[in-house]
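>>> build me a model from this:
(chains A and B)
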2 protein chains.
Amino acid sequence: MATSKIPHATAKRLPIYYRYLHFLSDAGKQRVSSTELADAVKVDSATIRRDFSYFGALGKRGYGYDVESLLAFFKKTLNQDKLTNVALVGVGNLGHALLNYNFHQSNNVRISAAFDVKEDITGTIQSSVPVYHMNDMKEQLSVQQIEIVILTVPSKVAQEVTNEVVEAGVKGILNFTPLRITVPDTVRVQNVDLTNELQTLIYFLDKFGKQDENKLG
Amino acid sequence: MATSKIPHATAKRLPIYYRYLHFLSDAGKQRVSSTELADAVKVDSATIRRDFSYFGALGKRGYGYDVESLLAFFKKTLNQDKLTNVALVGVGNLGHALLNYNFHQSNNVRISAAFDVKEDITGTIQSSVPVYHMNDMKEQLSVQQIEIVILTVPSKVAQEVTNEVVEAGVKGILNFTPLRITVPDTVRVQNVDLTNELQTLIYFLDKFGKQDENKLG
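Below is the predicted model of the structure:
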C-alpha cells in the first residue's frame, strides 16, 4: 500500500471519515454511498473517491462502500487498534479544558500524564490525569514512552519546554501556543493557532463577503 | 488590488506574518529579509515572496521589507484597524478557557458576549464577558451586531444552535464541535477539530516516521 504518497490534505480528512463511519456503524447502517458521505462530512464526493483511491478500490459502483469493512480499514490505517498515550504540558485554562476534552470518543487516544510548575496542582490528579512537576517531565516521558505531547504552556517558555520534550524523545507536538517552535527534522509539529483561525475567518468574511469558501476550509 | 484571487493557504498564513511583524516592530527592528521571515515563521522564503506578491511588490531586492510599512499594510488587510466583536456560544470547560484566551494580543478581536443555558452562570460576568441565557441569544446577537460566533456547545445541540445563530444574522462560525455543521452558502465555517488535529499528528508519525512533513503543516 503506497501510503507514503498520501497527500497531507487527504491525511487530514481521514479522521473525519473515520468518525462518521463510526457513527454509521453505531446506527446499524451497512453501506454508504460516496454522495451520502459527501453530504455528511462536507467534502465533495469526487474528493472522497480520490482520497479512498490512495488506499486501493474500496467501493463498488452502484453499491457504495461497506461500512464495516471501510471502518475496519480506517481503524487500522488510523492506528485506532492500539491505544496512543499522549502527555499534556501546561495545565492552565486551556490545558485544563483539554484534560476534560473528550479526545477518545470513538478514538483510541488518551492523555496519560500532565506537567506543570504550579505547586497547588503538581502531585494531584486532575480530571483523572496525574499532574507531575516539570522537573520530572523528561523522566516521566521517557518511562511512560510517550512520543506525543500537547503543548499549552505560556509562549515565553514554549521554545525552552519544546527543547526539553525533544530531548526526552518526543516525536510529535500539538502546539497550542502562538509561537512557531523550532524542532529538529525528526520531530513533527501540528500547530493549532486559535487566534489565527479566528483571524482567517474574519479575513474571509471581510474580503470575500458572501462567497462560499466553506469547501476550502 | 486583486484580493479576491488570494488562495486560501495564503490567507491562512497572513495572520502568522502579521504577528511576527508586530513582534519585530515592538523590538525596534526596521527591516526584515524574506529569509529571516522564513526562518521565524517556518514558511519557506519562496512561499513568502509568492504570498506577498498577491498584494503587489512590497519588498526591495537587497534591502528586504520595511517592517513598519509592511505592518501597516497587513494591519489594514487583516482588518486590524477596527475592532471585531465576536460571541462565544457554550461556556463549558473549553468555552471557559477561550474566554480567558488572549485572542486580542496584537489583534483587534474581542469576545464581547457569551451564551449558555446553565442558571449558575447566566446573568453573570465571566472573565470580563457577560454571559446571557441562550433564550436571549438571537436578540443579543442582533442588538450587538455580532457576525462571528465561536461554537463550543455539546455536539448534540450543535446543529440546532447553528440554525439559531444563522437566523440571527451570523456570517462566520468558528466551530469547535466535532460535528460538521450545515449552514447556508452565505455563512462561512472554520472548523477547529482538536481530535482530528491529534489524530493527524499520530497518523503522520505512524506512517511517515522521521520524514520531515513539518512544512506541509
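>>> quick check: which helices or strands does the lengthiest strand in chain A pack against?
Of all the segments of type strand in chain A, defined by DSSP state E, the longest one is strand A:109-116. Judged by 3 or more CB pairs under 8 Å, 6 or more residues apart in numbering or on different chains; DSSP states H and E, strand A:109-116 is in contact with strand A:84-89, helix A:93-100, strand A:129-133, helix A:137-143, helix B:194-208. For the C-beta atoms, the positions are set from N, CA and C on the backbone; glycine is no exception.
>>> one more time with 10 Å
Packing contacts for strand A:109-116, counted by 3 or more CB pairs under 10 Å, 6 or more residues apart in numbering or on different chains; DSSP states H and E, involve strand A:84-89, helix A:93-100, strand A:125-126, strand A:129-133, helix A:137-143, strand A:148-151, helix A:155-167, helix B:194-208.
>>> only C-alpha atoms, please: export that strand in PDB.
Taking C-alpha atoms only, strand A:109-116 is exported to PDB below (Å, rounded to 0.1, in the frame of the first residue of the first chain):
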ATOM      1  CA  VAL A 109      -6.200   8.400  22.300                       C
ATOM      2  CA  ARG A 110      -5.700   9.200  25.900                       C
ATOM      3  CA  ILE A 111      -3.900  11.900  27.900                       C
ATOM      4  CA  SER A 112      -2.000   9.800  30.400                       C
ATOM      5  CA  ALA A 113       0.200  12.400  32.100                       C
ATOM      6  CA  ALA A 114       0.200  16.200  32.500                       C
ATOM      7  CA  PHE A 115       3.000  18.500  33.600                       C
ATOM      8  CA  ASP A 116       3.100  21.900  35.200                       C
END
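>>> buried sites along that strand?
A:109, A:111-116 (16 or more other CB atoms under 10 Å in any protein chain shown).
>>> again, but for stretch A:53-72
Buried-residue list, stretch A:53-72, by 16+ other CB under 10 Å: A:55, A:59, A:64-67, A:70-71.
>>> picking up where we left off before, give me the sheet partners of the longest strand of chain A and which way each runs.
Paired neighbours of strand A:109-116 in the sheet (DSSP bridges): strand A:84-89 (parallel), strand A:129-133 (parallel).
>>> before we move on, the earlier item: can you tell me which of the helices and strands packed on strand A:109-116 has the worst average pLDDT?
Of all the helices and strands packed on strand A:109-116, mean pLDDT reaches its minimum on helix B:194-208 (a mean of 78).
>>> does that one come close to chain A?
Yes - contact of helix B:194-208 with chain A (CB under 10 Å from any CB of the partner chain) involves B:194-208.
>>> next, the angle from that helix to strand A:109-116.
Our comparison of helix B:194-208 with strand A:109-116, counting by axes from the mean of the first three to the mean of the last three CA atoms, to 10 degrees, yields an angle of 100 degrees.
>>> tell me what helix B:194-208 is packed against?
Looks like helix B:194-208 contacts helix A:8-26, helix A:67-77, strand A:84-89, helix A:93-100, strand A:109-116, strand A:148-151, strand A:172-175, strand A:188-191 (3+ CB pairs under 10 Å, 6+ apart).
>>> how does it look with 6 Å?
For helix B:194-208, the packing partners by 3 or more CB pairs under 6 Å, 6 or more residues apart in numbering or on different chains; DSSP states H and E come out as helix A:8-26, strand A:172-175, strand A:188-191.
>>> would you list the ones you listed in CSV and tack on mean pLDDT, mean neighbour count and distance to A:Gln126?
Listed next are the helices and strands packed on helix B:194-208 as CSV, based on pLDDT from 0 to 100; neighbours: other CB atoms under 10 Å in any protein chain shown; distance: least, CB to CB, whole Å:
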stretch, mean pLDDT, mean neighbour count, distance to A:Gln126
helix A:8-26, 79, 19, 26
strand A:172-175, 96, 24, 19
strand A:188-191, 88, 22, 24
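>>> how many neighbours does the nearest residue to A:Gln159 once chain neighbours are set aside have?
Residue nearest to A:Gln159 in three dimensions, not counting chain neighbours: A:Ile181, with 5.8 Å by CB to CB, 6 or more residues apart in numbering or on different chains. As a burial measure, A:Ile181 scores 21 neighbours (other CB atoms under 10 Å in any protein chain shown).
>>> which one in chain A is furthest away from the centre?
Relative to the centre of chain A, the most outlying C-alpha is that of A:Gly62, 33.2 Å out, by CA atoms, centre = their mean.
>>> ok so that residue is a helix residue?
No - if the criterion is DSSP: H, G, I helix; E, B strand; the rest coil, then A:Gly62 is coil and not within a helix.
>>> for it, what are its contacts?
Neighbouring residues of A:Gly62 by CB atoms under 6 Å, 6 or more residues apart in numbering or on different chains: there are none.
>>> is A:Val117 in contact with A:Asp136, as I believe?
No - if you go by CB atoms under 6 Å, A:Val117 and A:Asp136 don't touch, sitting 11.0 Å apart.
>>> going by neighbour count, which residues of stretch A:161-175 are buried?
Buried-residue list, stretch A:161-175, by 16+ other CB under 10 Å: A:161-162, A:164-166, A:168, A:170-175.
>>> correction: the previous question concerned stretch A:96-113.
Applying a neighbour-count criterion of 16+ other CB under 10 Å, one finds A:96-101, A:103, A:106-109, A:111-113 buried in stretch A:96-113.
>>> picking that back up, which of the buried residues of stretch A:161-175 are close to chain B?
Contacts with chain B within these, counted by CB under 6 Å from any CB of the partner chain: A:171-172, A:174.
>>> hang on, the earlier thing: so the residue nearest to A:Gln159 touches A:Thr162, yeah?
Yes - the pair A:Ile181 / A:Thr162 is scored as a contact, 4.5 Å apart, by CB under 6 Å.
>>> how is chain A carved up into domains?
A:8-74, A:84-195 (automatic domain parsing).
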